[in-house]
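# Got a sequence here, can you build the structure:
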Amino acid sequence: MNWKELLKFSYKKPQLSEEETRALQKRETLYQKIENAYSRLESIEILNSNSKYEDSTILSGKLALDVLNIGLFLEDEAPIRSLMERETCKNKIKDTKLTQLIEDNEIQFQKLSGDSPPSGEEAETFETFLSQILYYEEKILKKLKNEELHTPIDDYKKRLTLHSILALLILGMGLYIPAKTYLKYRIQADTVNLYYFNEKFPLTENPGTENRIQQALLIDSNWHDYTFALPAPLQVSSIRFEPLHQDGVKFQIKSLKLLDAQKKVLMLKEFVVGNNNLLKEQSAISKVNHIIPSGKALPDQLATFQSKGNNPFFYLQIEKTENVAFIELKMRITKRKQFSE
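Alright, predicted model coming up:
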């Protein structure tokens, strides 16, 4: 069956002719006979391994009759009832190699036909020669399946199997691409960290947790106000800001506000690009880590940044501001190529 035939989209089960039906039935019967014979051979192996040679020989005699009758069935000949009739097989079995295997082991067939008790060596010899004949008969069946006993049902099953595999591959690709896209643009759960510095907490590159305030990162691409409440109205002179803690995320900061207890704005910083293509507040930024510009910087537009590591942060130097109760940051994030306006 060629590839064009295999790829034809047809799931209608073919109707078999009488001859094809007989071929299919013969093949299924042969499979069953060989399966039963292998089961008997396995029992012989177990008996021999337990030194039960007499029982093993009885089963070997039955298996010898089975393999001869399988050979006859292959030729559509009637079965024999005992090993004493085995001479009739030689003229009826046409496969020369199978006939030769039977003739080469005539002495073993004779011993299995007799009543003398077997030795351990003989019992194992019976097992060996019978397994050789049975294995060859199985090879004959596999060959016939692709030739004389081949039916349109086989082509139908091949086509069905191939189409099922193709359908699974297409479904897999259909699921893989969206999943890959989802994982590529997925932002992990994270925190936004802000450190404030003053006379009590001097500016340092390794701040502790006493002057740190955390907010849960909101992982959609919308604008969000992050309000960091200080423990009490305090003086603030510098800020360290950690927008997130993962690589490859773009973010924009619209504004940073220092508020008093009544939410009055004490100071406002906007992260807008100036005419020199740098932030207007560039001079106030003292140290940057794992953050790079992303995209083209346009005057009077918001700057876009991208994290290039798992520890992005920057320091912002500001004028000393008293009575700061809240620090409010307006930010949005994305892992896509650009923000949707």
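# where are the low-confidence patches of the chain?
1-11, 163, 175-185, 341 (pLDDT under 70).
# pretty sure Leu302 is touching Ser255, no?
No - using CB atoms under 8 Å, Leu302 makes no contact with Ser255, being 9.7 Å away. Bear in mind the C-beta positions are built from the backbone N, C-alpha and C, glycine included.
# quick one: common contacting residues for these two?
Here Leu302 and Ser255 have Phe271 as joint contacts, going by CB atoms under 8 Å, 6 or more residues apart in numbering.
# Backbone torsions only: list them for Ser82.
Main-chain dihedrals, Ser82, degrees, to the nearest 10: phi -150, psi 160.
# contacting residues around the spatially closest residue to it that is not a sequence neighbour?
Nearest in space to Ser82, with sequence neighbours left out and distances taken as CB to CB, 6 or more residues apart in numbering, is Leu65 at 7.0 Å. Residues near Leu65 by CB under 8 Å, 6+ apart: Ile80, Ser82, Leu83.
# Tell me which stretches of the chain form strands.
Assigned by DSSP state E, the strands in the chain fall at 191-197, 212-216, 224-242, 250-259, 265-270, 285-289, 291-293, 305-307, 313-334.
# which of the ones you listed sits most buried?
Most buried of those by mean neighbour count (mean count of other CB atoms under 10 Å) is strand 305-307; its value is a mean of 22.
# List the contacts of that strand.
243-244, 246-253, 290-294.
# next one: stretch 262-277
With CB under 8 Å, 6+ apart as the criterion, stretch 262-277 contacts 252-260, 279-282, 284, 297-303, 316, 318-319, 321, 323-324, 326.
# quick one on the thing from earlier: out of the strands of the chain, which comes closest to Arg159?
strand 313-334 (47.1 Å; CB to CB).
# and that closest one, what does it pack onto?
For strand 313-334, the elements it packs on are strand 191-197, strand 224-242, strand 250-259, strand 265-270, strand 285-289, judged by 3 or more CB pairs under 8 Å, 6 or more residues apart in numbering; DSSP states H and E.
# For these, could you give me a markdown table that also reports distance to Asn206?
Shown next, in a markdown table, are those (distance: least, CB to CB, whole Å):
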| stretch | distance to Asn206 |
| --- | --- |
| strand 191-197 | 10 |
| strand 224-242 | 10 |
| strand 250-259 | 23 |
| strand 265-270 | 24 |
| strand 285-289 | 12 |
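# Provide a list of residues in contact with Ser340.
Ser221.
# Look up how far Tyr226 lies from it.
21 Å (CB to CB, to the nearest Å).
# Could you pick out the buried ones from the contacts of Leu65?
With burial judged by 16 or more other CB atoms under 10 Å, the buried subset of these is Ile80, Leu83.
# will you turn the contacts of Leu65 into a markdown table that also has distance to Gln132?
Shown next, in a markdown table, are the contacts of Leu65 (distance: CB to CB, whole Å):
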| residue | distance to Gln132 |
| --- | --- |
| Ile80 | 20 |
| Ser82 | 22 |
| Leu83 | 17 |
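# how much space is there between Lys280 and Tyr226?
Counting by CB to CB - Lys280 and Tyr226 are separated by 21 Å.
# no no, Ser131
77 Å.
# and what of Pro152?
Here Pro152 is placed at a distance of 70 Å from Tyr226 (CB to CB).
# and what of Leu258?
According to CB to CB, Leu258 stands 14 Å off from Tyr226.
# ok, now Lys263?
Per CB to CB, Lys263 is found 14 Å from Tyr226.
# swap in Thr161?
Taking CB to CB, one finds Thr161 at 57 Å from Tyr226.
# just Asp220 next, same as before
In terms of CB to CB, Asp220 sits 14 Å off from Tyr226.
# for Leu63, same thing?
For Leu63, the distance to Tyr226 - CB to CB - is 82 Å.
# so what's the residue nearest to Asp300 when sequence neighbours are not counted bridging to?
Spatial nearest neighbour of Asp300, excluding adjacent residues (CB to CB, 6+ apart): Val272 at 6.1 Å. Listed by DSSP bridges, the beta-bridge partners for Val272 are Leu302.
# Ok, Lys287 next?
Tyr315.
# Tell me how far it lies from Leu316.
Distance, Lys287 to Leu316, by CB to CB: 10 Å.
# cool, Leu194 as well?
Leu194 is 10 Å from Leu316, where distance means CB to CB.
# got any residues that touch both of those two?
Ile239, Arg240, Phe241.
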